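Chemist: one predicted model, sequence on top.
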Amino acid sequence: MESQSKGESGHNAEVRAEVRLPTQELRKDLPFYTKVLGLRLDSIFPADDPQVAVLSGHGIRLRIERGAAEAPGCLRFLTDDPAFAGGARLLTAPNGTRIEIDALNPPVITPATQHAFVVRRLADQAPWVIGRAGMEYRDLVPTRLGGAMIASHIRVPDGPVPDMVHYHKVGFQLIFCTAGWVDVLYEDQGDIRRIHAGDCFIQPPGIRHKVLHSEGVQVVEIGVPADHVTEIDHEMTLPTPHYRPEREWQGQRFVHNIGAEGHFAPFRIPGFEARDTTIHAATKGVASVMVARPTGAAVPWTKHHGDILFTFVMRGTMVLEGEGKAPYALEPGDAFVIPPGMATRYAAPSKDLELLEVSLPGAPPTEVLAP
C-alpha cells in the first residue's frame, strides 16, 4: 500500500495507493468494514458531515467516498482463520461491495482425468502464444484431459530472461530440455544449474526458482493440474546460502537429471529400451519420465493400465497405430496421449527415434498383446 520513490529533488518520497469505493451512507459502512472485516479506520472527513473514510488492513487501503462514480466492485479476502467475518464466505457490504472470502492456501486438487486419444503435430501449425516472461508457448494437449494436466512446448528468447523469483502451486512439474540450454537458480540447490538438450528438472511443489539466461532453448513442460497458480516471492534472494539436496517439498525432491550420464535398460514396450530420469524415485511414484528408443526388435501391440500417458517425439520418425484409428505418421515436435486400455503400436520406428514419455502415476502396468 505504501512505497518509497525518488522525487524530482532526488530524495525518497512516500507514495500511498487507495482503492475508491462509492457509498450513499458512510455511517452504515464503517461498522461493517471495521468490525466484520477487521479493517482499521485511518481518517474520516469532514468532521461535521463525513463524506470520506480511509481504511486499511489485510494488505489493502480503501477510500469509501459518498457519491463516488465508481461501481461498488468486489473485494476478496484470503484467510486461514475459519472464524473470519463470522465464518461467512460471501457477503455484501452496505455500500453494495461484494465481499468474497476464500482459503489462504487451498489444497492443490487435480480434476479426474477425462481420457482421450490425442495427437498434436507440429506440422499442423498450432499457434505459439506469448506467455510469462516473454516465453513462447505451444499447447500440446488442447483438451487438458479435463484439467488434469497441461503439456507445453516452450521456446525462450536468447539472452537474459526477465524473470523473478517465483514458485508454482502444483502437484507435479517437469521441465525437459529438447534443444539449446538454459540457466536456472533453485532454492537450496546451490549455484546456477544449466540444462542442455536431453537433460531435465522437476520442480517440486513450492520450490522457489528463477530463470536466468538461455541460448536456443526449447523445453517440454508438464504441469499437474492444468490450472495452477504462479506466485512471486519478493523476499527470497537466490541462490540461497544452504545446499540441501535431500530436502523434500510435499514429499518430492528436486531432480537435475543429465541425459549424457544415463543408462538404457529394457522398456515397458518390447522392441524399445529406455533411460530412467530418476523422477519416479524422487517423487515416490507420482510420475515416471523416460527417454525411449528402438532396439531394432519387433514392436508388438500393447495396452497400458495407468492414468495419464503423454509422449513427445524428440528425434526421428514413427507411425502411431491405434485400434479404430487411422495411422499417424509422427515427426519431431509431435506429441500424443494414449488413454488407458487402448491398444496401440509404435510402428516403423526410425533408427534415430527418441521419445520422451511422461506417465502419471509412474510405471504404468503394460499389457503386451498377442500377435
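Modeler: Nice, thanks for sending it over. Numbering: from 1, shown residues only.
Chemist: any low-confidence regions in the stretch 251-371 of the chain?
Modeler: 371 (pLDDT under 70).
Chemist: ok, Ile308 - contacts?
Modeler: Thr113, Leu145, Ala148, Met149, Val224, Val337, Val358, Ser359, Leu360 (Cβ atoms under 8 Å, 6 or more residues apart in numbering). Where you see a C-beta, it was placed from the backbone N, CA and C, and this is true even at glycine.
Chemist: could you check the pLDDT of the residue nearest to the second one when sequence neighbours are not counted?
Modeler: When you say that, I think you mean Leu145. Distances taken as Cβ to Cβ, 6 or more residues apart in numbering place Thr113 nearest to Leu145, at 5.1 Å, with adjacent residues excluded. As summarised for this prediction, Thr113 has a pLDDT of 95.
Chemist: so which strand or helix has Thr113?
Modeler: Counting by DSSP states H and E, no helix or strand carries Thr113.
Chemist: list the contacts for it?
Modeler: Thr113 touches Leu145, Gly146, Ala148, Met149, Asp307, Ile308, counting by Cβ under 8 Å, 6+ apart.
Chemist: try it again at 10 Å.
Modeler: The contact partners of Thr113, by Cβ atoms under 10 Å, 6 or more residues apart in numbering, come to 144-149, 224-225, 307-308, 337, 339-340, 360.
Chemist: mind putting these into CSV with secondary structure?
Modeler: Below are the contacts of Thr113 laid out as CSV (DSSP: H, G, I helix; E, B strand; the rest coil):
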residue, secondary structure
Arg144, helix
Leu145, helix
Gly146, helix
Gly147, helix
Ala148, coil
Met149, coil
Val224, strand
Pro225, coil
Asp307, coil
Ile308, strand
Val337, strand
Pro339, coil
Pro340, coil
Leu360, strand
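Chemist: of the residues you listed, which is the nearest to Phe201?
Modeler: Distance to Phe201, by Cβ to Cβ, is smallest for Val224 among the contacts of Thr113, at 15.2 Å.
Chemist: redo the contacts of Thr113 as CSV? Include distance to Gly180.
Modeler: Below are these laid out as CSV (distance: Cβ to Cβ, whole Å):
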residue, distance to Gly180
Arg144, 27
Leu145, 28
Gly146, 33
Gly147, 31
Ala148, 29
Met149, 24
Val224, 25
Pro225, 28
Asp307, 31
Ile308, 27
Val337, 26
Pro339, 33
Pro340, 34
Leu360, 27
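Chemist: what subset of these is buried?
Modeler: The neighbour-count test (16 or more other Cβ atoms under 10 Å) applied to these identifies Arg144, Leu145, Gly147, Ala148, Met149, Val224, Pro225, Asp307, Ile308, Val337, Pro339, Leu360 as buried.
Chemist: give me the three-state assignment for Asp29.
Modeler: Three-state call for Asp29 (three-state DSSP): helix.
Chemist: what's across from Ser152 in the sheet?
Modeler: Asp139, Glu221 (DSSP bridges).
Chemist: what sits against Gly223?
Modeler: 144, 149-152, 168, 170-175, 203.
Chemist: before we move on, back to that, torsion angles phi and psi at the residue nearest to Leu145?
Modeler: phi -70, psi 130 (degrees, to the nearest 10).
Chemist: and what of the one 10 residues further on?
Modeler: Dihedral angles phi and psi of Ala123 (degrees, to the nearest 10) take the values phi -70, psi -20.
Chemist: which one among the contacts of Gly223 gets closest to Leu238?
Modeler: The closest of those to Leu238 turns out to be Gln203 (Cβ to Cβ; 13.3 Å).
Chemist: what's the neighbour count on that closest one?
Modeler: If you count neighbours by other Cβ atoms under 10 Å, Gln203 ends up with 23.
Chemist: same check on Leu75?
Modeler: Close neighbours of Leu75, defined as other Cβ under 10 Å, add up to 20.
Chemist: who does the residue nearest to it when sequence neighbours are not counted form a beta bridge with?
Modeler: Leaving aside its chain neighbours, Leu75 sits nearest to Ile99 (5.5 Å; criterion: Cβ to Cβ, 6+ apart). Ile99 has the following beta-bridge partners by DSSP bridges: Leu75, Leu91.
Chemist: any idea how far Cys74 is from Ile99?
Modeler: 8 Å (Cβ to Cβ, to the nearest Å).
Chemist: between the two, which one's more packed in?
Modeler: Neighbour comparison, Ile99 and Cys74: the larger count goes to Ile99, with 19 against 9 (by other Cβ under 10 Å).
Chemist: about what we covered before: let's have the contacts of Ile308 in JSON lines, adding distance to Gly67.
Modeler: JSON lines is the format used below for these (distance: Cβ to Cβ, whole Å):
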{"residue": "Thr113", "distance to Gly67": "53"}
{"residue": "Leu145", "distance to Gly67": "51"}
{"residue": "Ala148", "distance to Gly67": "50"}
{"residue": "Met149", "distance to Gly67": "50"}
{"residue": "Val224", "distance to Gly67": "50"}
{"residue": "Val337", "distance to Gly67": "57"}
{"residue": "Val358", "distance to Gly67": "58"}
{"residue": "Ser359", "distance to Gly67": "61"}
{"residue": "Leu360", "distance to Gly67": "56"}
